[in-house]
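[1] whatever this is, show me its structure:
(one chain, ligands or ions: 2)
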Amino acid sequence: MNAIEIRNLTKNFGQKQALQGLNMTVPQGAIYGFIGENGSGKSTTEKIICGLILPSGGSVKLFDRDYKDADVRAKVGVLIEQPGCFPNYSVWNNMMLQAANLGIKNAEEEVRKVLRIVHMEGSASNKYKNCSLGMKQRIGIAFALLGNPTLLILDEPINGLDADGMRIMREVLTDVTKNGCTVVISSHILGELEKIATHYGIVRGGKMIAEMTAEELNANCRTYVALKAKDMEEAKVILERKYVRVEKDEEGYIRIYDAVKAEEVVDYLFNELHIAVTEIKTSKIGLEEYYIDLMKEGR
Ligand SMILES: Nc1ncnc2c1ncn2[C@@H]1O[C@H](COP(=O)(O)OP(=O)(O)OP(=O)(O)O)[C@@H](O)[C@H]1O
Ligand SMILES: [Mg+2]
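    Ligands and ions are numbered 1, 2, ... in the order given. Modelled structure (predicted):
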């Protein structure tokens, strides 16, 4: 069963067509990385899924049921922008209020549990307004986790987190999916997303332009040989004579994308032309470069 199935979703804000027939399929148990440029429609899609705004057209199903179904709605945890907290109240009191809003029965126990999950149990008495950005992000996740959701919608939850915060977030998200929860997470921090996502959806101009599993992404990502040589300019000219796709990268390496072994390249440069290779490695393009390439293709 899919946790989310969206077909032909449209949303107009006046003249602005924010969503233009968007399709989206999120399998149950996935950590779905939702990617796209600023203004491409990620937050709008997420707000519709959560019932915060109404679509102009199309269908949204959650766990094979209509997304407006109250039983299904109760199982969706949300973090879109900042949680609605009272600045002068403590973290604890804010959490307790939210638990009351959601009608959670064993509120104290539940609040303690979610604060522990995000490693905030030691800061429960802090006033919300005195919490750092990273702490507020964690409180946001704790809010979303209240009520044991089976679907978590997180809009840019890792902005502003330090390395430790990122690690905690990775642990939290992989833990909740182990317990059967499905997570949709939008982020521009692709390097981090790549460490946890099992699926990806890439939007552009209000449409889904690609959906794939992490394995498919991995298979789509080309391998390359990268090298540095004594005379880089000469090496590049000579490599271009033999190989089809030779490019210089941002770190100053020459990359050869043809299916070729590193030893062959060294042999070619040194044995035939006496150009000494000073450094060589075989690598694979990551999510970030794949995404940038995909965006370039459509221009
Ligand atoms: N309430 C609104 N009124 C008018 N236009 C809106 C409204 N909300 C969103 N839009 C427009 O809809 C488009 C999609 O916005 P959305 O917030 O979904 O993008 P996004 O993919 O989340 O971008 P970002 O990466 O910057 O968060 C944008 O052009 C935006 O200006
Ligand atoms: Mg957004």
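
[2] wait, Asn220 sits on Met212?
    Yes - counting by Cβ atoms under 8 Å, a contact exists between Asn220 and Met212, whose distance comes to 7.1 Å. Using the backbone N, CA and C atoms, a C-beta is placed for each residue, glycine as well.

[3] scan the protein for its longest helix.
    Using DSSP state H, we find that the single longest helix of the chain is helix 163-178.

[4] show me what that helix is packed against.
    Contacts defined by 3 or more Cβ pairs under 8 Å, 6 or more residues apart in numbering; DSSP states H and E place helix 163-178 against strand 31-36, helix 133-145, strand 182-186, helix 190-196.

[5] what's the third one in contact with?
    Applying Cβ atoms under 8 Å, 6 or more residues apart in numbering, the external contacts of strand 182-186 come out as 3-4, 26-36, 42-43, 46, 49, 150-158, 173, 176-177, 193, 196-197.

[6] buried subset of the residues you listed, written for PyMOL?
    Here the buried members of these are turned into a PyMOL selection, burial being counted by 16 or more other Cβ atoms under 10 Å:
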select buried, resi 3+4+26+29+30+31+32+33+34+35+36+42+43+46+49+150+151+152+153+154+155+156+157+158+173+176+177+193+196+197
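
[7] please list which of the contacts of strand 182-186 are also close to ligand 2.
    Subset of these in contact with ligand 2: 42-43, counting by Cβ under 5 Å from the ion.

[8] for Leu54, what are its contacts?
    Taking Cβ under 8 Å, 6+ apart as the criterion, Leu54 is in contact with Ile48.

[9] for ligand 2, what's the nearest residue on the stretch 51-200 of the chain?
    Per Cβ to the ion, the residue of the stretch 51-200 of the chain with the smallest distance to ligand 2 is Asp155, at 5.8 Å.

[10] that residue touches Lys42, doesn't it?
    Yes - here Asp155 reaches Lys42: they are 7.2 Å apart, a contact under Cβ under 8 Å.

[11] tell me the SS of Glu263?
    Using DSSP: H, G, I helix; E, B strand; the rest coil, the secondary structure recorded for Glu263 is helix.

[12] quick one: neighbours of it, just the number.
    Glu263: 10 surrounding residues under other Cβ atoms under 10 Å.

[13] distance of it relative to Ile238?
    Taking Cβ to Cβ, to the nearest Å as the measure, Glu263 and Ile238 are separated by 17 Å.

[14] who's in contact with stretch 151-164?
    Applying Cβ under 8 Å, 6+ apart, the set of residues contacting stretch 151-164 from outside is 3-4, 42-43, 46, 49-50, 62-63, 75-81, 133-134, 137, 140-141, 144-145, 165-166, 169, 173, 176, 181-189, 192.

[15] now the residues you listed: which count as buried?
    Those of those that meet the buried threshold are 3-4, 42-43, 46, 49-50, 62-63, 75-80, 134, 137, 140-141, 144-145, 165-166, 169, 173, 176, 181-187, 192, by 16+ other Cβ under 10 Å.

[16] within reach of ligand 1, which of the residues you listed are there?
    Here is what survives when the buried ones among the contacts of stretch 151-164 are matched to ligand 1 using Cβ under 6 Å from any ligand atom: 42-43.

[17] around ligand 2, pick out the residues from the stretch 1-150 of the chain.
    Residues of the stretch 1-150 of the chain found near ligand 2, taking Cβ under 5 Å from the ion as the criterion, are 42-43.
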